[in-house]
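*Asks:* can't give you the sequence, but here's the structure:
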């Protein structure tokens with residue numbers, strides 16, 4: 001697995017992969033935060049291309065993933081982030097924000 005940059009801030013969240021006991025494994029995805037209105041959660045938009053067999057070309061597609069947002073990272077709307085798969089934290093949350101990649105352009 002790739003090396004992740006530790007955040008400068010400390011937190012006491014038990015579901016933080018750096019300061020708590022949450023183990024991350026599996027898929028690692030990059031995306032843009034489209035909503036940060038939930039407490040300790042964000043919605044990430046993942047863009048990808050999918051091959052359409054009928055027209056023999058690629059089409060752009062996107063999905064929305066709900067991810068845990070630890071207080072030490074605190075990603076905001078419009079930021080580019082990296083999320084990693086973890087155990088299910090709720091009905092829809094199985095990913096956790098592990099790194100901020102860039103601010104909004």
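*Replies:* That came through, no problem. Bear in mind that the values here come from a model prediction, so they are computed numbers and not experimental data.

*Asks:* Not counting its own residues, what contacts the helix or strand of the chain with the lowest mean pLDDT?
*Replies:* Least confident helix or strand, the chain: strand 95-102 with a mean of 93, by mean pLDDT, DSSP states H and E. Taking contacts as CB atoms under 8 Å, 6 or more residues apart in numbering, the residues outside strand 95-102 that touch it are 4-5, 15, 17, 22, 24, 28-30, 42, 44, 65-70, 73, 75, 79-86, 89. Where C-beta positions appear, they are placed from N, C-alpha and C, glycine not excepted.

*Asks:* Would you show me how to pick out the buried ones of the residues you listed in ChimeraX?
*Replies:* Selecting the buried subset of the contacts of strand 95-102 in ChimeraX, with 16 or more other CB atoms under 10 Å as the burial test, is done by:
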select :15,17,22,24,28,29,42,44,65,66,67,68,69,70,73,75,79,80,81,82,83,84,85,86,89
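
*Asks:* so of the contacts of strand 95-102, which ones are in helices?
*Replies:* Counting by DSSP state H, no part of the contacts of strand 95-102 is found in helices.

*Asks:* Where does the prediction get shaky in this structure?
*Replies:* Applying pLDDT under 70 to the chain flags residues 1-2, 104-105.

*Asks:* and if we set it to 50?
*Replies:* Counting by pLDDT under 50, the chain contains no low-confidence residues.

*Asks:* Could I get the full set of strands for it?
*Replies:* 24-35, 41-52, 57-68, 80-86, 95-102 (DSSP state E).

*Asks:* mind checking which of the ones you listed is nearest residue 9?
*Replies:* strand 95-102 (11.3 Å; CB to CB).

*Asks:* quick one: that closest one to strand 57-68, angle?
*Replies:* Strand 95-102 runs at 110 degrees relative to strand 57-68, counting by axes from the mean of the first three to the mean of the last three CA atoms, to 10 degrees.
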